[in-house]
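Student: the sequence and its predicted three-dimensional model are supplied below.
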Amino acid sequence: MAFNTDKNLYTVIFAAMMVVVVGSLLAFMASSLESRIKENERFEKQQNILYAMGVNENVDKGGVEFVPTDIVEGEFEKYIVDQLVIKGDSILEDNEAYLIDMKRQLARISKGETPRLPLFVGEKDGEQLYIIPMYGKGLWDAIWGFIALDKNMVVQGVFFDHKGETPGLGANINQRYFMDDFTGETIMQDTRYAGISVAKGNNDPLNERKDDNKVDALAGATITGDGVSAMIKQSVDLYKDYLDGIREN
Amino acid sequence: MALLTKKDANLIIDPLTDNNPITIQVLGICSALAITAELKASVVMAIAVIFVMGVGNVVISLMRNIIPAKIKIIVQLIVVATLVIVVDQVLKAFAYELSKTLSVFVGLIITNCIIMGRFEAFALGNGLWRSFLDGIGNALGYGVILVIVGFIRELLGSGTLFGYPVLGDPIAKTGLYATGYENNGFMIIPPAALIVVGIIIWVQRTQNPALVEEG
């Protein structure tokens, strides 16, 4: 039977059928894959936190190599000795603090509410490290990461990632050569939490100066770099009361 | 009997050469400019487009006699968007790392005018098998140019291929850099892609003067 596809009624029925079919297909896909996707996201967060504190599979020269997915849960339990949630003046332990969405917590702050700020205490080579989650804005979309500090407020490692920065330019914030530059930098300037700036033209491409609160910028990615600087500063500021309590220098 | 008749084979071969969607039809230029700073991104984009265009052409061909003319563009967009979401979800579940690389380009696949162009120009008027071949052929033609541009831009712009340094270390000044060579920063910004695509078009038309339009 031939359809008269020009009729308005047919068009409406076709559109409605299409919505139902496509909606059902996507809903089925989403629900059947949800548990696997959530699990992958959990593993990714654990890998990122461990990466920032230096627990990774990196070799001398090469790319970013995380702890393999099949052992990451065990490694996370081994290296992360405490997961804390800071809410106002209270600090609580929470074994699933790593699942807290920083974007939502920052939105709470902008609405005048008290955020739940996760913080991870790690132990590596007998030293305690404090890993702070970060969330900010790059050129096109969100950027985020983790920064691991020791008691002297010296960076022991970072991890950055992004949603949609330009490939080859701002997207390189998750490349090893950029992230490695942060290790050894201090976030303090005298007694002030200055963070670390991604600086253009600081004439230190090998990043040998570790007390200037600056790392070398990515060529052609000024706004993403500025976003990283702002993200670090904002995150450190959020945690400064806690950091004041553990700081040794 | 051969799997492909000569006419069918031309559906694959033509878009690779004398009817290339980028260099001859000048479609899909936006994504070619945006994502070809890295070879890996070019390859991932090419694979994703091959899947979306191959399956999309088949779906549109299947529905070609029942799609209302008044909403055919909307239907085509829904098909592309659905396929892209399906690919993205499956990758997120079973190849999470790859999905993170691909997610940047999802929007670009949906807005790729080659896909809409082939739905409109071919799949709406042809059968399943030929539509499938047309989709694969055009996506391959698009992918080949992407890979060439990505190769040139990453090599000259960053001195790497797939992220691995191939010209030496630019900071320690080893390999080619020891001779005074410097990476060309211009190559990693989008206008460089336009120039590289222009050079490919020039080379192609020099090789085959029949492609040159009369003024």
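Tutor: Alright, I've got the coordinates. Numbers count the residues shown, from 1 in each chain, chains lettered A, B, ... in the order given.
Student: only C-alpha atoms from now on, for both contacts and neighbour counts.
Tutor: Will do.
Student: where does pLDDT dip in chain B?
Tutor: For chain B, the stretches with pLDDT under 70 are B:1-2, B:101-104, B:106-107, B:215.
Student: just the strands from it, written as ranges.
Tutor: According to DSSP state E, chain B carries its strands in the segments B:160-161, B:164-165.
Student: would you mind finding the most buried of these?
Tutor: strand B:160-161 (a mean of 20; mean count of other CA atoms under 10 Å in any protein chain shown).
Student: can you say which of the strands of chain B is nearest to A:Ile131?
Tutor: Closest of these to A:Ile131 is strand B:164-165, at 30.0 Å (criterion: CA to CA).
Student: how about the residues of chain B by chain A?
Tutor: Residues of chain B lying near chain A by CA under 8 Å from any CA of the partner chain: B:34-35, B:37-38, B:41, B:66-71, B:82, B:85-86, B:89-90, B:92-94, B:96, B:104, B:164, B:171, B:185, B:188-189.
Student: give me the ChimeraX select line for the residues you listed, limited to the buried ones.
Tutor: Here is the ChimeraX command that selects the buried residues among the residues of chain B next to chain A (16 or more other CA atoms under 10 Å in any protein chain shown):
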select /B:34,35,37,38,41,66,67,68,82,85,86,89,90,92,93,96,104,188,189
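Student: from A:Val20, how far off is A:Ile80?
Tutor: Distance, A:Ile80 to A:Val20, using CA to CA, to the nearest Å: 46 Å.
Student: more neighbours: which of these two?
Tutor: Legend: neighbour count by other CA atoms under 10 Å in any protein chain shown for A:Ile80 and A:Val20, higher for A:Ile80 (21 against 12).
Student: pairing partners for the longest strand along chain A, with directions?
Tutor: Secondary structure assigned by DSSP E gives strand A:127-137 as the longest strand of chain A. In the sheet, strand A:127-137 lines up against strand A:117-124 (antiparallel), strand A:142-149 (antiparallel) (DSSP bridges).
Student: turn the strands of chain B into a markdown table, including distance to A:Thr183.
Tutor: Listed next are those as a markdown table, based on distance: least, CA to CA, whole Å:
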| stretch | distance to A:Thr183 |
| --- | --- |
| strand B:160-161 | 24 |
| strand B:164-165 | 23 |
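Student: which of those strands sits closest to A:Leu243?
Tutor: strand B:164-165 (38.7 Å).
Student: what's in contact with that closest one?
Tutor: A:62, B:159 (CA atoms under 8 Å, 6 or more residues apart in numbering or on different chains).
Student: how about 10 Å then?
Tutor: By CA atoms under 10 Å, 6 or more residues apart in numbering or on different chains, the surrounding residues in contact with strand B:164-165 are A:62-63, B:155, B:158-159, B:175.
Student: where in chain A is pLDDT low?
Tutor: In chain A, residues with pLDDT under 70: A:1-3, A:249.
Student: what are the boundaries of the helices in it?
Tutor: Here chain A has its helices, by DSSP state H, at A:8-52, A:72-79, A:102-110, A:176-179, A:222-238, A:240-246.
Student: okay if I get those helices as CSV plus distance to chain B?
Tutor: Shown next, in CSV, are these (distance: least, CA to the nearest CA, whole Å):
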stretch, distance to chain B
helix A:8-52, 5
helix A:72-79, 15
helix A:102-110, 19
helix A:176-179, 11
helix A:222-238, 13
helix A:240-246, 32
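Student: return the most buried member of these.
Tutor: helix A:222-238 (a mean of 21).
Student: before we move on, the earlier item: the longest strand of chain A vs helix A:72-79, what angle?
Tutor: Orientation check (axes from the mean of the first three to the mean of the last three CA atoms, to 10 degrees): strand A:127-137 against helix A:72-79 gives 130 degrees.
Student: that older thread, which single one of the contacts of strand B:164-165 is nearest to B:Leu27?
Tutor: Nearest to B:Leu27 among those, counting by CA to CA, is B:Leu155 at 24.8 Å.
Student: done for today, thanks.
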